[in-house]
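In: Have a look; sequence and predicted model below, questions after that.
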Amino acid sequence: MVRIAFLVLKSPTEQDPAHLMGRLSGKDDASAILVEDGVYQAIVSSAAEKLSRAAHEVLVSNEDLEARGYQVSDLKIGKAVGYEDLVDCIMERTDKTVTV
């Protein structure tokens, strides 16, 4: 199956990416990349729970997390990484990228 990186830019109050992720990909083939306000998806418990059911991997931009006043310890799901790791996921570990 096709491995898809879902680039999430919006907060849970604006968007629920888990629904679209479930329609386009199975959990084992989906990676969620949270940048900009998308990092709130990993901080808000209800959104983090939905992501845990939709993606096997959740990567959170450490720079965007810190820019919003949060720390790694605030994450309910995922791993805080730098931009180089986000690019590696998009370019090397997945076949397609979908911005949601």
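Out: Perfect, thanks for sending it.

In: Could I get the full set of strands for this protein?
Out: Ranges of strands in the chain, per DSSP state E, are 4-8, 30-34, 57-61, 79-81, 96-99.

In: For those strands, give me CSV that also has mean neighbour count, distance to Ala67 and mean pLDDT.
Out: The way it works is simple: take the backbone N, C-alpha and C, and place the C-beta from them, glycine included. Listed next are the strands of the chain as CSV, based on neighbours: other C-beta atoms under 10 Å; distance: least, C-beta to C-beta, whole Å; pLDDT from 0 to 100:
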stretch, mean neighbour count, distance to Ala67, mean pLDDT
strand 4-8, 23, 16, 97
strand 30-34, 26, 13, 97
strand 57-61, 22, 9, 97
strand 79-81, 17, 12, 98
strand 96-99, 14, 20, 96
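
In: In terms of pLDDT, where does Asn62 sit?
Out: Listed pLDDT for Asn62 reads 98.

In: Keeping just the C-alphas, turn the helix or strand of the chain with the lowest mean pLDDT into CSV.
Out: Least confident helix or strand, the chain: helix 17-24 with a mean of 93, by mean pLDDT, DSSP states H and E. Extracted C-alpha coordinates of helix 17-24, given in CSV (Å, rounded to 0.1, in the frame of the first residue of the first chain):
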residue,chain,number,x,y,z
PRO,A,17,-7.5,15.5,10.1
ALA,A,18,-8.0,12.0,11.5
HIS,A,19,-11.3,11.6,9.5
LEU,A,20,-9.6,12.3,6.2
MET,A,21,-6.5,10.3,7.1
GLY,A,22,-8.8,7.3,7.8
ARG,A,23,-10.5,7.6,4.4
LEU,A,24,-7.2,7.9,2.4
